[in-house]
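[1] for reference, the sequence and a predicted model appear below.
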Amino acid sequence: MLFLRSWWIIVEMHAEAVRFGARPSRFGLMSDAHYTIKCEACLVCYRVHYDPDAEGSVTHWSLVAQEVITARHPDHKDNVVLSRLEMF
């Protein structure tokens with residue numbers, strides 16, 4: 001039962017990298033206005049937006065976002081939805 005409950009929490013977490021000038025895909029997400037993620041190849045800027053369930057792992061999501069954004073260069077979308085599946 002505990003495993004099932006933990007899995008549900010992971011599924012419900014939401015974090016995404018939002019390109020400067022674009023809107024998050026969900027209403028009510030939080031972000032750290034002082035932390036910017038940049039593509040290492042072309043310096044396109046993003047900011048991580050997250051819900052309260054993902055707040056405790058913002059550093060993790062920021063690192064995942066950095067890797068995904070740089071790996072997808074030059075195809076920069078306005079929103080990059082991050083999930084635990086992208087870690088593997």
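    It's in.
[2] okay, CA-based contacts and neighbour counts for the rest of this
    OK.
[3] need the strands for this protein, in chain order.
    According to DSSP state E, the chain carries its strands in the segments 15-19, 30-31, 37-38, 45-50, 79-82.
[4] need those strands in TSV with mean neighbour count, distance to L63 and mean pLDDT, can you?
    Output for the strands of the chain, formatted as TSV (neighbours: other CA atoms under 10 Å; distance: least, CA to CA, whole Å; pLDDT from 0 to 100):
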stretch	mean neighbour count	distance to L63	mean pLDDT
strand 15-19	25	11	95
strand 30-31	16	15	94
strand 37-38	20	9	95
strand 45-50	25	10	96
strand 79-82	19	11	92
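[5] between those strands, which one is nearest to V64?
    With respect to V64, and counting by CA to CA, the nearest of the strands of the chain is strand 79-82 at 7.5 Å.
[6] related to what we said a few turns ago, just send the strands of the chain back as JSON lines, with distance to V64 too.
    Converted to JSON lines, the strands of the chain look like this (distance: least, CA to CA, whole Å):
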{"stretch": "strand 15-19", "distance to V64": "10"}
{"stretch": "strand 30-31", "distance to V64": "15"}
{"stretch": "strand 37-38", "distance to V64": "10"}
{"stretch": "strand 45-50", "distance to V64": "10"}
{"stretch": "strand 79-82", "distance to V64": "8"}
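[7] distance of the residue nearest the centre of the chain from V58?
    By CA atoms, centre = their mean, the mean C-alpha position of the chain lies nearest to E16, the distance being 3.0 Å. Distance of E16 to V58, given as CA to CA, to the nearest Å: 10 Å.
[8] over to E40?
    20 Å.
[9] and those two? Which one has more around it.
    Neighbours were counted for E40 and for V58 using other CA atoms under 10 Å; V58 has more, 17 against 14.
[10] how about the contacts made by that one?
    Residues in contact with V58 (CA atoms under 8 Å, 6 or more residues apart in numbering) are V48, Y50.
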